[in-house]
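Engineer: Here is the input, now give the coordinates:
(chains A and B)
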Amino acid sequence: MRTTLLVAAAALATLSASAAWAEPLFLAKQYTRCTPCHYSPTGGGLLTPYGRLVSHRELSTTGASTTAKASPAAGSDDDPHGEQAFLYGALGDALGPVHLGVEMRPSALRIGFPGGHQDMNFWMNVDLIAAVQKGGWTGYATAGREPPNSAERDGRTLTEAAFISYEHWISYETAQGLRIRGGRFLPAYGVRFADHTTYSRSSLDLDRNDQIYGLEVSGTIGRSLVQAMVSPGKAEAILHDHGHRGFSTAGRWQLDLTPRATVVGSAFYRDSTDLDQKSGSAGGAFGFAPGARVSIWTEVDIDMHPAAVGGTSWVAVNETSVEAYRGVWLKISPQFRTSGSGPGSSDLRRLEFAANLLPRTHWNVNLAYYRDRAFDATTTTLLAQLHLYL
Amino acid sequence: MKPTLITLLFAGAAVAAPSWNAGRADVRVICPMTTGGSFDASTSALGGTLTPGAGASSALEGSLVVDLRTLDTGIGLRNEHLRETYLEIDKGPGFDQAMVTDINLKDLNPAAPQGKGSFTGSLTLHGVTKSIAGGVDVRSSGGGLQVRASFPLNLSDYGIREPRYLGIGVRNTVQIEATFAVTH
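Structural biologist: Modelled structure (predicted):
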């Protein structure tokens, strides 16, 4: 029973909060990179004006009825009007070059485990996000609320909600595509699946509060995107939990084979801290879109820790997405993590079925069913979530 | 079939048959984006007839034509902008097609056009005619030939305005890749 509760508690913790949202499934629409639609070069978060328009015109179920004449004219640099704009364009040009967004994710969760279940209704995210771009410079910041039982202070989990700024950074990009970024952000590694509990994210410390303070350099060289990062430690450790503060560095290389096929290689090294031994991970991913409505991503990583704290384990994740109808995406995602050699560890197996409904601009309804197997116990999780990004 | 867009080259040369008909095509315009990455605009609407020149000439008479109205990028708004704003297919006669003429093969035996070589030609697009040059690979396939050809194209050379939209753009040089069959 204790094991079952541990598994359930872990599921609750990992599902409780996350920053931002990105969708590698749009590889099917010939988007191999995050940056056309997101300000962040590692994806997720506030949509650019182009991303907002694509969300409206090309992704939402009802946006198809919009005529081209109602969209910003070709050649426009910006046009904060129309359904896709912040607050449906109510502020017009009043904000000048500043772009705002609000992300809210009211969620309902049911976790079933042998002998019972637990229900939760909560706000996974409530964040205000601002970005400004001018002359190659980008400034970006979020401010919001971390839900109860999520924020940690000196090793203690707060039972109440807390303020958090998941990301705040500034970057400069040259005309040749070389970009340098400093501040708090999620480092580039592998594929940033939308679901932050995906094993390749949660198991590798690329989950909910795993942004770092650091410096990142990225550049496009031909069909390749290269990203490298150095950091004195995870942001929350630097701010609130000094015992876990330690040097980190990561690198990611992406090669676009075609506009619908890409390979990614990544590596991450974390030095020891007062409370953690050094660790690292490395992996590869392959994304392929055999048609305009299908994308298939597979990522395999090796997660390396000293034997006493888990040893080496493997993580494998596949996510196959199909657009069954315009704005209706169905996903299946088998995931696996080996136990490693540490005490009290177990192989983890997950099978996830999900539906992402994009009925209209700013609305994303996510329905997901997870079946997790660990420690010879099975838990099931039902998640119903409305993601509003105004 | 309606006229068509980009286009390519050739076919066999001094083979016994007098001319080659192009079909079963996959034409891709690879458009690198200013933010990195790229997208394809593709069509299968390529047609035309090529006839080997007289004697030992490596020239091919005739033309290959691609229907620009059928170019598809997989995104509706992108298609509209591509066709209407940048290629301006309704601007006047011939704007809805790309035509390649004056094709000359190099490094290929016109009598037995097999293997890799290069070509030159003239491309008429957006009301402008310019020389093009690229690589070509010809292989026998069934009773005909399978041709793969590619060449770069500078949008500004053809008077096509700089593609920019809400901070995202296409770089000036795009790559044309075409695969098609030619039969007698």
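Engineer: Just list the residues touching B:Ser122, thanks.
Structural biologist: Residues in contact with B:Ser122, defined by C-beta atoms under 8 Å, 6 or more residues apart in numbering or on different chains, are B:100-102, B:129-132. Backbone N, C-alpha and C define where each C-beta goes, glycine included.
Engineer: can you put the residues you listed in a markdown table and add neighbour count?
Structural biologist: Output for these, formatted as a markdown table (neighbours: other C-beta atoms under 10 Å in any protein chain shown):
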| residue | neighbour count |
| --- | --- |
| B:Val100 | 30 |
| B:Thr101 | 19 |
| B:Asp102 | 16 |
| B:Thr129 | 14 |
| B:Lys130 | 13 |
| B:Ser131 | 10 |
| B:Ile132 | 24 |
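Engineer: Secondary structure added to the residues you listed, as a markdown table?
Structural biologist: Output for the contacts of B:Ser122, formatted as a markdown table (DSSP: H, G, I helix; E, B strand; the rest coil):
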| residue | secondary structure |
| --- | --- |
| B:Val100 | strand |
| B:Thr101 | strand |
| B:Asp102 | strand |
| B:Thr129 | strand |
| B:Lys130 | strand |
| B:Ser131 | strand |
| B:Ile132 | strand |
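Engineer: which one of the residues you listed is nearest A:Thr298?
Structural biologist: Of all the contacts of B:Ser122, A:Thr298 sits closest to B:Ile132, with 39.2 Å by C-beta to C-beta.
Engineer: Next SSE downstream of the worst-scoring helix or strand of chain A on mean pLDDT?
Structural biologist: One helix or strand of chain A scores below all others by mean pLDDT, DSSP states H and E: helix A:2-15, with a mean of 49. Next along the chain after helix A:2-15, taking DSSP states H and E as the criterion, comes helix A:49-54.
Engineer: List the contacts of that next one.
Structural biologist: Against helix A:49-54 from outside (C-beta under 8 Å, 6+ apart): A:36-38, A:71-72, A:78-80, A:84-85, A:99, A:361, B:75, B:77, B:165-168.
Engineer: taking those one by one, which sit in helices?
Structural biologist: Secondary structure from DSSP state H places B:Leu77 of the contacts of helix A:49-54 in helices.
Engineer: So A:Ala282 sits against A:Asp301, correct?
Structural biologist: Yes. Counting by C-beta atoms under 8 Å, A:Asp301 is a contact partner of A:Ala282 at 6.8 Å.
Engineer: Point out where chain A drops to low pLDDT.
Structural biologist: Along chain A, the model assigns pLDDT under 70 to residues A:1-22, A:66-70, A:342-343.
Engineer: So which other helices or strands are in contact with the top strand by length along it?
Structural biologist: When chain A is parsed with DSSP state E, its longest strand is strand A:116-134. Judged by 3 or more C-beta pairs under 8 Å, 6 or more residues apart in numbering or on different chains; DSSP states H and E, strand A:116-134 is in contact with helix A:2-15, strand A:98-113, strand A:137-146.
Engineer: Tally up the residues packed near the closest residue to A:Glu299 other than its chain neighbours, please.
Structural biologist: Counting by C-beta to C-beta, 6 or more residues apart in numbering or on different chains, A:Glu299 lies nearest to A:Ala285, which is 3.9 Å off, once chain neighbours are set aside. Neighbours of A:Ala285 under the rule other C-beta atoms under 10 Å in any protein chain shown: 23.
Engineer: now do B:Arg139
Structural biologist: B:Arg139 has 12 nearby residues by other C-beta under 10 Å.
Engineer: Tell me the bridge partners for it.
Structural biologist: With DSSP bridges applied, B:Arg139 shows beta-bridge pairing to B:Gln146.
Engineer: higher neighbour count, A:Ala282 and A:Asp301?
Structural biologist: The residue with more neighbours, out of A:Ala282 and A:Asp301, is A:Asp301; 25 against 17, by other C-beta under 10 Å.
Engineer: Now name the helix or strand holding that one.
Structural biologist: Secondary structure assigned from DSSP H and E places A:Asp301 in strand A:294-304.
Engineer: so how far is that strand from its chain's centroid?
Structural biologist: Its chain's average C-alpha position is 14 Å from that of strand A:294-304, according to C-alpha atoms, centre = their mean, to the nearest Å.
Engineer: what angle separates the very next helix or strand once past that strand from strand A:294-304?
Structural biologist: Using DSSP H and E, the helix or strand that follows strand A:294-304 in sequence is strand A:312-325. On the basis of axes from the mean of the first three to the mean of the last three C-alpha atoms, to 10 degrees, strand A:312-325 is oriented at 170 degrees to strand A:294-304.
Engineer: can strand A:312-325 be found next to chain B?
Structural biologist: No. Strand A:312-325 stays clear of chain B (C-beta under 8 Å from any C-beta of the partner chain), getting no nearer than 11.4 Å.
Engineer: before we move on, the earlier item: what touches both of A:Ala282 and A:Asp301?
Structural biologist: Joint contacts of A:Ala282 and A:Asp301 (C-beta under 8 Å, 6+ apart) are A:Ser266.
Engineer: which residues of chain B fall in helices?
Structural biologist: B:76-80.
Engineer: Up against chain A, what does it have?
Structural biologist: B:30, B:33, B:35-40, B:73-77, B:80-81, B:84-86, B:161, B:163-168.
Engineer: From these, which land in strands?
Structural biologist: Per DSSP E, strands hold the following members of the residues of chain B next to chain A: B:30, B:38-40, B:164-165, B:168.
Engineer: Filter those residues down to the buried ones and hand me the ChimeraX line.
Structural biologist: Command for ChimeraX, covering only those of these found buried under the criterion 16 or more other C-beta atoms under 10 Å in any protein chain shown:
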select /B:30,38,39,40,164,165,168
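Engineer: Let me know the closest of the ones in strands among the residues of chain B next to chain A to B:Gly62.
Structural biologist: Nearest to B:Gly62 among those, with distances taken as C-beta to C-beta, is B:Ile30, at 26.1 Å.
Engineer: what pLDDT does the closest one get?
Structural biologist: Reported pLDDT at B:Ile30 in the predicted model: 96.
Engineer: For it, give me its contacts.
Structural biologist: B:Ile30 neighbours (C-beta under 8 Å, 6+ apart): A:259, B:38-40, B:174-177.
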